[in-house]
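**Student:** Using only what follows, build the 3D model:
(one chain, ligands or ions: 1)
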Amino acid sequence: MQLFSSCCGRGSAGDKEAKTEPPRKIFSLKELHAATNSFNYDNKLGEGRFSSVYWGQLSDGSQIAVKRLKSWTNREDINFTLVVEILSRIRHKNLLSVRGYCNEGQERLLVYEYMPNLSLVSHLHVHGDVRASNVLLDSEFEARVTDFGYGKLMPEDEAKSNNNNNGYLSPECVASEAGDVYSFGILLLELVSGKRAKLGLTEWVLPLVYERKFGEIVDQRVKEEDVGEGLKKVVLVGLLCAQREAEMRPTMSQVVEMLMNESKEKMSELECNPLFKKPCSSGDENHREDQEGADVITEEKDDHHQQQE
Ligand SMILES: Nc1ncnc2c1ncn2[C@@H]1O[C@H](COP(=O)(O)OP(=O)(O)OP(=O)(O)O)[C@@H](O)[C@H]1O
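**Tutor:** Residues are numbered from 1 along each chain as shown. Have a look, this model is predicted:
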């Protein structure tokens with residue numbers, strides 16, 4: 001996925017070599033200290049709820065991102081090495097696999113290939129925000145999903161409470177394929193609108209879709225003439241995925257099919273989905289809930305305008 005043409009980050013030396021992933025490896029703490037200049041503040045790429053991430057360079061010149069877990073002591077019931085061994089076997093070109101790890105004393109460290117273009121979130125929200133943060137961008141702006149299965153290493157209660165309010169968690173709050181589809185739908189809407197994923201994003205988008213006002217949904221940084229069928233489709237598929245009722249959501253294979261299929265027939269089939277027709281009654285509960293959600297986004301839009309003024 002070629003996302004943007006701009007470039008930032010720490011340069012791309014060594015990126016080509018990093019394309020052919022070296023075998024997974026157990027790193028010594030000494031090696032990772034040397035690579036990251038002893039986890040120097042200047043090397044820090046960012047910080048999440050459970051870890052701090054540092055840029056580093058190994059003695060062979062390859063660039064790495066070292067994730068230093070904070071909350072490990074709370075999950076001594078979990079065998080860190082075993083979980084990492086399992087996770088690192090999962091390979092896909094769009095998944096950022098664990099390249100190695102270190103398990104010494106109190107330190108639990110995961111080593112990944114360094115993604116020079118940071119994460120999607122740093123391109124969408126200049127003010128910085130969370131969650132699209134797990135879609136990292138390599139030197140060619142190919143998307144690579146990180147933190148796959150990483151929740152297993154985290155304190156359960158903390159993970160759940162931190163997730164509750166970020167807009168990506170499905171209403172049923174259960175880890176499942178349908179829940180992942182919901183989160184993906186929110187990510188699509190965030191990507192296309194440039195608005196932060198928070199509660200109310202779908203409720204803000206849907207009424208605009210009833211009116212077919214796609215130009216108002218799409219990120220204002222995108223030129224009007226560029227709002228083509230492709231972007232409309234992303235909006236519609238995003239909404240289908242992010243439906244409150246899990247059983248109404250498509251499967252991930254159907255999502256891929258809808259996004260990849262470029263035929264006009266498929267697009268009009270999608271547009272005819274009853275979800276995109278304005279409901280007749282406007283006084284029902286759902287409508288009121290929808291409006292409350294939409295207000296959150298409208299406030300954000302006003303804030304954005306004020307900040308620009
Ligand atoms: N492989 C990598 N290459 C380059 N930057 C990275 C890499 N991994 C993480 N980062 C940067 O470090 C930041 C922190 O990552 P981390 O995984 O600790 O938290 P997060 O995913 O942002 O949030 P959370 O873990 O709370 O969901 C990311 O937002 C990203 O900017």
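**Student:** State the three-state secondary structure for Tyr101.
**Tutor:** For Tyr101, the reduced secondary structure class is strand; criterion used: DSSP: H, G, I helix; E, B strand; the rest coil.
**Student:** give me every residue that touches it.
**Tutor:** The neighbours of Tyr101, taking C-beta atoms under 8 Å, 6 or more residues apart in numbering as the test, are Ile26, Phe27, Phe80, Thr81, Val84, Ser88, Arg108, Leu109, Leu110, Val111. Glycine gets a C-beta too; all of them are placed from N, C-alpha and C.
**Student:** So what sits opposite it in the bridge?
**Tutor:** On DSSP bridges, the residues paired with Tyr101 through beta bridges are Ile26, Leu110.
**Student:** if I look at it, how far off is Thr146?
**Tutor:** For Tyr101, the distance to Thr146 under the criterion C-beta to C-beta, to the nearest Å works out to 14 Å.
**Student:** closest to Pro171 among the contacts of Tyr101?
**Tutor:** Each of the contacts of Tyr101 was scored against Pro171 by C-beta to C-beta, and Leu110 proved nearest at 31.0 Å.
**Student:** residues in contact with the closest one?
**Tutor:** Contact criterion C-beta under 8 Å, 6+ apart gives Ser51, Val66, Lys67, Leu69, Val84, Val98, Tyr101 as the residues in contact with Leu110.
**Student:** per-residue confidence at it?
**Tutor:** Leu110 is assigned 93 on the pLDDT scale.
**Student:** Up against the ligand, what does the stretch 51-200 of the chain have?
**Tutor:** Counting by C-beta under 6 Å from any ligand atom, the residues of the stretch 51-200 of the chain lying close to the ligand are 51, 53, 65, 67, 96, 112, 114-115, 118-119, 130, 133-134, 136, 146-147.
**Student:** Can you tell me which of these has the most neighbours?
**Tutor:** Compared across these, Tyr114 has the highest neighbour count, 26 neighbours, by other C-beta atoms under 10 Å.
**Student:** just checking, it touches Gly61?
**Tutor:** No: because the distance of 11.8 Å does not satisfy C-beta atoms under 8 Å, Tyr114 is recorded as not touching Gly61.
**Student:** where in this protein is pLDDT low?
**Tutor:** In the predicted model, the chain carries pLDDT under 70 at residues 1-24, 71-78, 121-125, 127-131, 148-166, 174-175, 224-227, 281-309.
**Student:** tell me the strands in it, going along the chain?
**Tutor:** Assignment of strands within the chain using DSSP state E yields the ranges 25-26, 44-47, 51-57, 63-69, 98-104, 107-113, 135-137, 143-145.
**Student:** Same list (the ones you listed) but as CSV, adding distance to Gln254.
**Tutor:** Written out in CSV, the entries for these read as follows (distance: least, C-beta to C-beta, whole Å):
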stretch, distance to Gln254
strand 25-26, 38
strand 44-47, 34
strand 51-57, 34
strand 63-69, 33
strand 98-104, 30
strand 107-113, 31
strand 135-137, 21
strand 143-145, 19
